[in-house]
Structures are given as structure tokens and as C-alpha cells.
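Engineer: Got a predicted structure here, sequence first:
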Amino acid sequence: MMLDFFIKLPFSNNFNTSPLTVVQKAFLAKIEHGEYKFKENHCLCGNLDKKHDIVISSIDSIGVSINNILCKKCSLIRLEKIFDDSSLSEFYKTDYTELYIGAKYINDEYFKHEIAADSRSRRLFNLVENLGIMDDINNVFEIGCGAGWNLWPYHKSNKNVSGCDYGIDFLKYGIQKGMNLYEGAINKNITSEDTQDLIILSHVFEHIADPITFMDEVLSLVKANKYIQIEVPGVFNRKKSVLNTAFQLPHIYTYNKRFLINLFTMLGVEILYIDDEITCILKKPEKWQYCNNAKLEVDTLQYEYCRVKKELQQQYFKKKIRYFVINILKFLKLKECIKTIFKKQEHNEL
Ligand SMILES: [Zn+2]
């Protein structure tokens with residue numbers, strides 16, 4: 001109750017306080033002039049009644065006016081409107097990387113950073129290793145592979161790796177490093193059904209408008225009793241606030257662990273590992289079959305939206321306090337002191 005009194009929804013401003021760049025301003029002008037077309041996005045639980053929708057924020061991390069909705073029925077956060085199909089592919093080809101990733105070109109230093117001992121790539125690889133399933137894996141495929149940094153540890157371990165992505169410059173770099181990468185979405189002429197032992201989806205799933213159909217396609221590529229590794233920004237991630245990572249136009253959904261457990265259970269896959277950050281490893285059962293009539297068990301998620309709402313309000317409150325302290329220190333000209341104190345947190349939030 002106290003939080004509701006102090007932190008009202010929707011949050012009054014966006015979560016990125018940096019001034020807009022020239023590229024960001026140009027993109028916002030494109031949106032304003034209607035160069036990109038939007039369509040309605042209904043909740044995955046099937047709810048169409050707006051009285052179950054809570055508007056969490058009305059602006060994304062770079063200033064795009066777009067509502068993020070928390071569904072009271074199932075606890076899922078979604079964008080109220082999303083790009084239509086042609087706008088979506090145009091967006092990923094021309095604007096996405098520079099706007100939301102911050103880099104358009106790759107070099108040796110960039111790649112080295114992405115495969116370092118403390119990198120995401122290494123963490124994902126270690127998780128598979130720690131589960132004791134590495135010997136079960138020979139063919140590894142990544143959707144949205146960038147330059148192939150998540151595939152790299154497998155490549156170095158003499159596994160067969162392949163991947164697909166839209167960023168041609170990144171792909172070229174990975175190909176030149178000896179990995180089998182191709183441009184575009186999943187191509188079943190190149191990646192055949194029932195051929196993969198592990199499919200990696202690292203920060204891809206939250207971009208997908210129809211995750212159920214997408215998972216059906218992904219699962220068709222995986223051999224029976226083999227694996228899918230998924231990583232998405234999680235609401236209850238205490239290491240990296242979801243306020244920094246999730247409220248972005250390309251992120252159609254912001255997931256929490258309980259919702260995903262419900263979704264994966266509905267899809268009939270086995271959950272070997274899942275945490276709040278959220279990283280998970282799924283296993284495709286021996287006789288897995290896509291079920292058209294499957295529905296989310298929303299009754300089990302009845303009060304989850306309260307937890308999600310409270311968590312976001314707490315994170316927002318902490319963020320406000322932090323910026324307040326930083327501004328005071330800046331005012332007192334203690335910049336070097338600020339850098340030392342907040343270096344680690346800032347690094348974590350990038
Ligand atoms: Zn819902």
C-alpha cells in the first residue's frame with residue numbers, strides 16, 4: 001500500500017536519463033511521421049478485457065510513446081502495440097542495432113569482450129556444462145547469433161555450430177572465424193528438422209510476437225531428448241534491473257519465472273533449469289507433439305501480477321534514490337568518488 005501511495009503507475013518518466021542522440025531523434029521522427037505501422041497486441045493468456053490491464057509505462061527507453069501493460073490475469077507484461085510484419089523486418093534491418101544495441105560494427109576487441117571469462121557467452125556455456133549434459137551435445141544452433149560469440153565456446157570444443165541473424169556485418173565476422181552462420185530467420189533448408197542437440201535463444205524470445213508458434217518451430221529442429229537454452233530479461237532479476245533492460249520497443253514481452261514455467265508446461269517441454277534472471281534449459285520429451293488447443297493455466301498466476309507490480313515499484317524507487325544521490329554528489333563536485341562508488345552498478349546496467 002505504501003508503495004502504491006509513493007510510486008504511482010504508470011511511471012512518470014522513462015528509465016534512461018541520458019540525452020537523446022541524433023540517431024534516436026531521427027528514429028522518433030520516423031515513428032511520429034507514421035513511417036512505421038503498428039498493430040494491436042493482445043495478451044498471450046487470451047484476455048481482451050481492458051479492465052485487467054495495468055499501464056506500467058507509457059514511454060520506452062529512448063523516448064518512443066508506447067504503453068507497456070501488466071496483465072492482471074496472468075502477470076505478463078506486454079507492449080500494447082507492436083510493429084506490423086513489414087515494419088518489423090524494416091526495423092531490424094535498418095534501425096535496431098544502432099538504436100538498442102549501441103554498436104553497428106564489430107572488431108577483434110568487441111568479439112574478445114563478448115567471449116571473455118566473465119561474459120554472457122561463457123556463463124551460458126558453463127550452465128550447460130554444470131548440468132552435466134555437455135556430452136549429449138554435438139550440434140548447436142543459435143537463433144539471433146550476432147557474430148557467434150555464444151557459439152564460440154562450443155566451436156572451440158569441436159562441436160558443430162551454426163546460427164542465423166539479420167546483422168550481416170556481425171555474421172561476416174563470425175563466418176571468418178570459422179563458424180557456419182547465415183542471414184535471416186530459421187531456414188529449414190539449411191537447418192533441418194530433428195537435427196539439433198542444443199538451440200540457444202539468448203535475448204531473442206522477448207522480441208517474438210507469437211512465442212507459442214515460434215517455440216513450435218524451434219522444437220521441430222531439436223532432436224527428441226535434447227535441449228533448448230533460453231535467456232530473457234526477468235522481472236525479478238536482482239543483478240540487472242528489468243527497468244533498464246526490458247522497457248524497450250523491441251521487447252514485446254517482459255517475462256517472469258512463474259509465467260514462463262506455465263508457458264513451457266503448456267508447451268509440453270521439460271524444464272531442467274530456470275532462475276529469476278531468467279535463464280533456463282528445456283528438454284524436448286521423447287514423443288513431443290505440438291498441441292493446438294493448449295491454454296495457459298492462468299488460475300495458477302492469479303496473484304502473480306501483485307508481486308510483479310510491487311517488484312517494479314521497488315526497483316523504480318531504488319533507482320530514483322540512486323539518481324538523487326548521484327546528483328547531490330555531482331553538485332558537490334565529487335565526480336571521481338561517484339565513478340568509484342557506482343562503477344560496478346553502471347557496468348551491470350549497460
Ligand atoms: Zn494475460
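Structural biologist: That came through, no problem.

Engineer: OK, now which residue of the stretch 151-300 of the chain is nearest to the ion?
Structural biologist: Val298 (6.9 Å; Cβ to the ion). All C-beta atoms are positioned from the backbone trio N, CA, C, and that covers glycine.

Engineer: Test my guess that that residue contacts Leu44.
Structural biologist: No - the criterion here is Cβ atoms under 8 Å, and Val298 misses it with Leu44 at 9.8 Å.

Engineer: tell me the contacts of Leu267?
Structural biologist: Ile212, Met215, Asp216, Leu219, Tyr290, Ala294 (Cβ atoms under 8 Å, 6 or more residues apart in numbering).

Engineer: what's the spacing between the first one and Gly174?
Structural biologist: Spelled out, it's Ile212. 29 Å (Cβ to Cβ, to the nearest Å).

Engineer: Can you name the residues that contact Ile252?
Structural biologist: Ile252 touches Asn41, Arg78, Leu79, Ile82, Glu206, His207, Ile208, Ala209, counting by Cβ under 8 Å, 6+ apart.

Engineer: list the contacts for the residue of the stretch 151-300 of the chain closest to the ion?
Structural biologist: Cys45, Lys73, Cys74, Asn262.

Engineer: which stretches of the stretch 101-250 of the chain form strands?
Structural biologist: Here the stretch 101-250 of the chain has its strands, by DSSP state E, counting those that start in this stretch, at 139-143, 160-165, 180-183, 196-202, 222-231.

Engineer: For the closest residue to Ser241 other than its chain neighbours, grab the count of nearby residues.
Structural biologist: Once flanking residues are discounted, Ser241 sits nearest to Gln315: 5.0 Å by Cβ to Cβ, 6 or more residues apart in numbering. Gln315: 20 surrounding residues under other Cβ atoms under 10 Å.

Engineer: Could you say which helix or strand holds Gln315?
Structural biologist: Applying DSSP states H and E as the criterion places Gln315 in helix 304-331.

Engineer: list the helices and strands that helix packs on?
Structural biologist: Contact here means 3 or more Cβ pairs under 8 Å, 6 or more residues apart in numbering; DSSP states H and E; on that basis helix 304-331 packs against helix 2-6, strand 53-59, strand 65-71, helix 242-245, helix 335-349.

Engineer: and the ones you listed, which one is worst for confidence?
Structural biologist: Across the helices and strands packed on helix 304-331, helix 335-349 has the smallest mean pLDDT, namely a mean of 61.
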